[in-house]
Structures are given as C-alpha cells and as structure tokens.
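>>> Quick one: sequence plus predicted model below, questions after.
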Amino acid sequence: MANGQTNYSKITFGANVPQIVTLKYTGAQTVQSQITGEDQFLYTCEEGRIYADAALHHAITQSFAGINDAIRITKRERKIGAKRHVDYVVEKLGEAPDPFPAEYDSHGQQIAGMTGDQYARAQRDQAAAAAWANAANVAPRAASTGSQAEPPQPPAPPQPRPPAHPEAAAPAAAPHPNVLAQALCLAIDAIAIADAHAKAKGLAIVWQSEDARALANTMLIGQRNGGAR
C-alpha cells in the first residue's frame, strides 16, 4: 500500500487459483482464531494479512521466503470419496521451482513428495558420498551399505613359472623285472606328472591310492591287448 501504510484487509484464497503476495516481514505471529479458538499464523503482506492454518504456515516456511519476498500461493482442493482435502503449494518467485513439490494435509502433515530442503539435503549427501568413495578408492556400493571396505592389498609376488613340459621334471620310472610293479611305478609317475600340471593350472586334485591301482590295471590290460590304442 502507498505511503508505507499497512493494509489490514484479510487475504483469502480460492480453490486452485494461484495468488501472488509480498511479505512485509520474515516469519509469522501466532494468534488465536476468534471463531474456532485454534492457533493461526498471521503473515503481514503488502496486499493485506494472511491468517494461515498449520498447513499453509508449513508451506510458507518451507519456501524460505522472507522480508520483501514475493510468493505465489495456490490452495488445492481435492475430493477423495466424501471427504474434501486441502493443501497448499507455495513458490518463492525468482527461484527455480522445486522438482519434487511436497503435499500436506489439513493438519500440516506431509503426505507426498519432497520439500526443497529435503531435496537439497539429499543432493548434498549423495555428492559427499561420491566424493568420499572417489577419494578412498572405494566402491560406492560399500559406502551405501555401510560395510567397512578393506584397505588396498599389495600386489601378490610373482609366482615361478611352471616348466614348459611338466613331465620332463618328473623322474622316469626305473625298470623293474616284475611287470605289475613296473606298471604301478609308471602309474605313480603319471599321477605325479598330472598333479604338477594341475597345480600349474591352479587346480588342486586329491589323488588316492585307488587311482594308481586303476591306472596300473589299465596299462596291464593295454599291454595284454597288444598296446594302448
């Protein structure tokens, strides 16, 4: 109002009709309704006075509007069944709209969405977590689950390379006049060669005495049949 005078007219909001007001002060004064006796929150604006209920007061607070800030207030009414639900959307003009606007019931309780402060806090938390993960060279999954990542381990020392032909490293079976004994010796040598080859490939095979006996029998049968095929 001109000449610095205060407009004492009461500002009311129609359903689903945006209305722009300019706050003269930061914050609200708590007053008591002369009709219901409930607490109300008095905002003094250039256009008049707002007697806000808890839901509207909460929405204005979440907009972080202060002295001389212009805000757009939209009163939204919805019918769910036989009940009428009212909430408010408050936008501080001159700022980007909240990408996740919150919704509040008539008691000021949040029922959907995310407030601008909550969204900004979530963005900061995500950025801090990513920076910590990069600095510590830790996978982001370990940071999100809260599990303690183990410190980096030094590289394993180089392992000696196995011989190109493991069988060359195994001792040859000594000739034995007993055919069965000779077959058993050859079977044991064969198992030793196979075991060295398996270890070179990173395999751990448990050999049993039954394996040597079976292999020796196979060699004897092959000799009787004229040699292995």
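Now that the structure is in, tell me what you want to look at.
>>> Going along the chain, name the helices of the chain.
With DSSP state H as the criterion, the chain has helices at 54-62, 116-136, 140-145, 166-169, 179-200, 209-224.
>>> Could you report the neighbour count for the closest residue to Ile205 other than its chain neighbours?
Nearest non-adjacent residue to Ile205, counting by C-beta to C-beta, 6 or more residues apart in numbering: Ala198, 4.9 Å away. The way it works is simple: take the backbone N, C-alpha and C, and place the C-beta from them, glycine included. Counted by other C-beta atoms under 10 Å, the residues lying close to Ala198 total 14.
>>> How about Ile71?
20.
>>> Would you mind measuring from the residue lying closest to it once chain neighbours are set aside to Ala15?
Nearest non-adjacent residue to Ile71, counting by C-beta to C-beta, 6+ apart: Ala65, 4.8 Å away. The gap separating Ala65 from Ala15 is 22 Å, by C-beta to C-beta, to the nearest Å.
>>> same question, Asp39
Going from Asp39 to Ala15 by C-beta to C-beta gives 23 Å.
>>> Could you break this structure into its assigned domains?
Following automatic domain parsing, one gets these domains for the chain: 2-116, 166-223.
>>> one step back: mind listing what the residue nearest to Ile71 touches?
By C-beta atoms under 8 Å, 6 or more residues apart in numbering, the contact list for Ala65 reads 23, 71, 90, 92.
>>> hmm, try it at 7 Å
The contact partners of Ala65, taken as C-beta atoms under 7 Å, 6 or more residues apart in numbering, are 23, 71, 92.
>>> now do Leu215
Going by C-beta under 7 Å, 6+ apart, the list of residues near Leu215 reads 187, 190.
>>> just for the protein, where's the confidence low?
1-5, 95-126, 128-177, 226-229 (pLDDT under 70).
>>> Let's see that with 80 instead.
1-7, 95-180, 202-205, 207-209, 212, 215-216, 219-220, 222-229 (pLDDT under 80).
>>> Just give me the neighbour total for the nearest residue to Thr6 once chain neighbours are set aside.
Among residues not flanking Thr6 along the chain, Thr44 sits closest, at 6.7 Å (C-beta to C-beta, 6+ apart). The burial metric for Thr44, expressed as a neighbour count using other C-beta under 10 Å, is 17.
>>> what does the one 10 residues further on give?
In terms of burial, Ala54 registers 17 neighbours under the definition other C-beta under 10 Å.
>>> From Ala28, how far out is it?
Counting by C-beta to C-beta - Ala54 and Ala28 are separated by 11 Å.
>>> And Ile221, by the same measure?
101 Å.
>>> Which of those two has more residues huddled nearby?
Using other C-beta under 10 Å as the criterion, Ile221 and Ala28 rank with Ala28 on top: 19 against 11.
>>> how near is the residue lying closest to that one once chain neighbours are set aside to Ala200?
Closest residue in space to Ala28, ignoring its immediate chain neighbours: Phe41 at 3.9 Å, by C-beta to C-beta, 6+ apart. The gap separating Phe41 from Ala200 is 80 Å, by C-beta to C-beta.
>>> Appreciated, that's everything.
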